[in-house]
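>>> Can you look at this prediction? I've put the sequence above it.
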Amino acid sequence: MEVKAGELLETINYPSDLKKLSEDELEKVCQELRQYIIDVVSVNGGHFGASLGVVELTVALHYVLNTPYDQLVWDVGHQAYGHKILTGRRDVFHTNRIYKGISGFPKRTESEYDTFGVGHSSTSISAALGMAVASQYKGETDRQHVAVIGDGAMTAGMAFEALNHAGIENSNLLVILNDNCMSIDPNVGALKEYLTDITTSKSYNRFRDDIAHVLNKISELGPNAHQVVKKLEKSIKGTLLNKSNMFEALKFRYFGPIDGHDVKHLAKILKDLRDIPGPKLLHCVTVKGKGFALAEKEQTKWHAPGLFDKITGEIKKSVSDKPQPPKYQDVFGHTIVELAEKNDKIMGITPAMPSGCSLNIMMKTMPKRAFDVGIAEQHAVTFSAGLATQGLVPFCNIYSSFMQRAYDQVIHDVAIQKLNVVFCLDRAGVAGADGPTHHGAYDIAYMRCIPNMIVSSPMNEEELRNLMFTAQQENMGPFSIRYPRGNGVMPDWKRPMKAIQVGKGRKVCDGEDVAILSFGSIGNEAVKACVDLNSEGIHPAHYDLRFAKPLDAELLHEVFTNFSKVVTVEDGCLEGGIGSAVLEFMADNNYAAQVVRLGIPDKIIEHGEQPELWAECGYDAAAIVESVKKLALTRTTNIIAC
């Protein structure tokens, strides 16, 4: 569906066009840009509230900065839709997050204005500092470097590490703190309360405004005025509001808080800051979802609402007369509460994703036993390890791709000490429209190489419940359960739970000639493939491995004793994945068979709907059918890797 841009926005293809406008016209540009985002996202889907909240900041930055020469880094790219529209991608913005369309996040290969690829949080300050130091080294003293970081992203240790380093570099770096008290869910922790203290201190803000013009006058006194202003400003801040010295203590010049929705004032401030050397931090107070009343009111719900009616605000959902399978995340959310009601040792932990992983269900019913620790995956894992040392059973729910950020803690703090931490890896496998920064491609490989770690994956919702039930048994040790984004396959999923023997798979159906070995929910594509193959007179056997570690040796002995042709299927990377594990078993036990491995190939997979990506990678039902047919007809004995 074609969406028309407003009359001013229609004339802006690049920031150079924006600069031709007067400051008085910027407010209208903001109105049209905000409306354009609403118009497009309502019919095409995508992230919503975050980009609406930074419309004025986006316009002001591109109006003042000389981008792309001046380098602008957006932390967590879902706030960068306005940036994309103003930098040459307005006419293709309707393809945002669609298969073969533009990315939902800044991407260096997509535009020279995207200086750094960002999908995970808290990377902007480090990246911008690296750019600033490089510019300083190359003698590019006129080049600006700006990191826009949401206050949710400021909870990650990496952001503080970067601030700590930046404070001792005299590089031309501006950090803009987009303070809206939100990540996806409301922010938590002491930092949020600290920023609230600053923004709500009436005496500080009133006095700050009163002295602003005095400082400006002093700056006109001569060549030493800058140092006088700096000392006086620091003294005033320290005397009036001691807490405001947090950033100053890290040797940043702190400015703010200011209204992040006053585009003309933002432009003026940014022009002033452009001429101030060294590390600076501008504190902007914004409203996530600004300009769309429902998004302002229910910010978590409108983070990424899907398709909606922009007039009524009704979110469009598919309706069916038949009962529908639940989302895997909701199965986790309800099941952990059910388990915790019977086992008082169970605790729930998530790094800033309570609604995304459905731990919010436990947080409402058992608030003292469920923790949102902020965007801090490393802390989430070691905090869980600390709980486990005291005999508790923490279920640490982290998206598969985000768990990559805490890998050292998994090994050092959990596995070496054989602690019973249950890692629930949501969004395992290709994650859909969020693309390569969010695909959970590597967890099978990176978890199964860790000693003491149990690595499992359910084929359906009942299996997920049973694995969670199993993981909380006595003396289990580190236990990983991976499951995908989206809906399962069982409308009738809430069944009594039972323990599963660790390392025990199951036979889904008998067959001949070819054996299909699947791991996890992608096994349901293998079930479809078997139905299609049976209709063509080919009858493969299908096994659900359930565990990548330990492998079911008895099951694999049965397979290699009875089948000389094997297909492995996984929603994960081929290198080091379940197919590799099967080949290792085959070699270690002196079997010889033709093995075709289906999974994510050794390349970066772009965004698209999950079925589209399964087909692209060659492990959807149709690809499994073709692989089995081809293998059934071949007579060679080579090992084949697809």
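In hand now; what should we look at?

>>> How about the helix of greatest length in the chain, which residues are buried there?
If you go by DSSP state H, the chain has its longest helix at helix 26-44. Neighbour counts using 16 or more other C-beta atoms under 10 Å place 26, 29-30, 32-44 of helix 26-44 among the buried residues. (Glycine included, C-beta is placed from N, CA and C.)

>>> Looking at the residues you listed, which one is closest to residue 139?
Closest approach to residue 139 among the buried residues of helix 26-44 (C-beta to C-beta): residue 26, at 33.1 Å.

>>> Once you drop chain neighbours, what's closest to that closest one?
residue 263 (4.7 Å; C-beta to C-beta, 6 or more residues apart in numbering).

>>> Give me the pLDDT value at the one you found.
With respect to pLDDT, residue 263 scores 96.

>>> thought it was touching residue 59?
Yes - Residue 263 is within contact range of residue 59, at 5.5 Å (criterion: C-beta atoms under 8 Å).

>>> what's the overlap in contacts for these two?
26, 30 (C-beta atoms under 8 Å, 6 or more residues apart in numbering).

>>> quick one: which of these two has more around it?
Set side by side, residue 263 and residue 59 show more neighbours around residue 59, with 26 against 22, by other C-beta atoms under 10 Å.

>>> what's the helix or strand for that one?
Using DSSP states H and E, residue 59 sits within helix 55-64.

>>> Quick one: distance of that helix to the chain centre.
In this view, helix 55-64 has its centroid 25 Å away from the chain centroid, taken as C-alpha atoms, centre = their mean, to the nearest Å.

>>> do the same with stretch 446-462
21 Å.

>>> Quick one: end-to-end distance for that stretch.
26 Å (C-alpha to C-alpha, to the nearest Å).

>>> Now do that stretch, average pLDDT.
On average, stretch 446-462 scores 98.

>>> ok, and for that stretch, which residues are buried?
Here stretch 446-462 shows 446-448, 450, 453-462 as buried, counting by 16+ other C-beta under 10 Å.

>>> Also stretch 304-319?
Applying 16+ other C-beta under 10 Å to stretch 304-319 flags 304-305, 308, 313 as buried.

>>> Tell me where the stretch 51-200 of the chain has helices.
Using DSSP state H, counting those that start in this stretch, the helices found in the stretch 51-200 of the chain span residues 55-64, 81-84, 124-137, 157-166, 190-200.

>>> hey, least reliable of those by pLDDT?
Among the helices of the stretch 51-200 of the chain, helix 190-200 carries the lowest mean pLDDT (a mean of 69).

>>> Looking at the buried residues of helix 26-44, spot the one nearest residue 297.
Nearest to residue 297, judged by C-beta to C-beta, of the buried residues of helix 26-44 is residue 38 at 15.2 Å.

>>> correct me, but that closest one touches residue 310?
Yes - between residue 38 and residue 310 there is a contact at 5.4 Å, judged by C-beta under 8 Å.

>>> thinking again about what came up before, now the longest helix of the chain: mean pLDDT?
Rounded mean pLDDT across helix 26-44 is 94.

>>> Alright, calling it a day.
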